[in-house]
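Peer 1: generate coordinates for the sequence data below:
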Amino acid sequence: DYAQALEQFAACEPVFVKPGHLISLGHLHNDRGLTFREMNRYDEALAAFATSIQIMRELQHPLWTANVLESLGG
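Peer 2: This is a model prediction of the structure:
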């Protein structure tokens, strides 16, 4: 259920923001982007992927950046 997944992502996001768990936040945005993509909500998917890419680049994680770019390419 994509709508329920988006609700769960929204509920989890503050947990990752407060203590500064940026890697988890980056994964969350990637997963959100994948969900939006499956729902054909492409503008929202693009925004979520862009946020994830920015986080992964800031953390200097080239493997995870590549993973999100692959998700974006899908």
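
Peer 1: which residue is nearest the middle of this structure?
Peer 2: When CA atoms, centre = their mean is applied to the chain, the residue found nearest the centroid is residue 29 (1.4 Å).

Peer 1: so which strand or helix has it?
Peer 2: Using DSSP states H and E, residue 29 sits within helix 22-38.

Peer 1: do the same with residue 19
Peer 2: Following DSSP H and E, there is no helix or strand that holds residue 19.

Peer 1: correct me, but residue 30 touches residue 68?
Peer 2: Yes. Using CB atoms under 8 Å, residue 30 makes contact with residue 68 at a distance of 4.9 Å. Just so you know, the C-beta spots here come from the backbone N, C-alpha and C atoms, and that holds for glycine as well.

Peer 1: find residues that contact each of these two.
Peer 2: Here residue 30 and residue 68 share the contacting residues 49, 52, scored by CB atoms under 8 Å, 6 or more residues apart in numbering.

Peer 1: low-confidence ranges in the chain?
Peer 2: Scanning the chain for pLDDT under 70 picks out no residues.

Peer 1: tell me where this protein has helices.
Peer 2: With DSSP state H, the ranges of helices along the chain come out as 2-17, 22-38, 42-58, 62-73.

Peer 1: and residue 64, how many neighbours?
Peer 2: Here the count is done by other CB atoms under 10 Å, and residue 64 has 19 residues near it.

Peer 1: wait, what's in contact with it?
Peer 2: Going by CB under 8 Å, 6+ apart, residue 64 touches 23, 26, 27, 56.

Peer 1: just the buried residues of those.
Peer 2: Buried residues within these, counting neighbours by 16 or more other CB atoms under 10 Å: 26, 27, 56.

Peer 1: contacts only, for the last one.
Peer 2: So the one you mean is residue 56. Counting by CB under 8 Å, 6+ apart, residue 56 makes contact with 26, 64, 65, 67, 68.

Peer 1: and for the fourth one, nearest residue in space, chain neighbours not counted?
Peer 2: Distances taken as CB to CB, 6 or more residues apart in numbering put residue 30 closest to residue 67, at 7.1 Å, once the chain neighbours are dropped.
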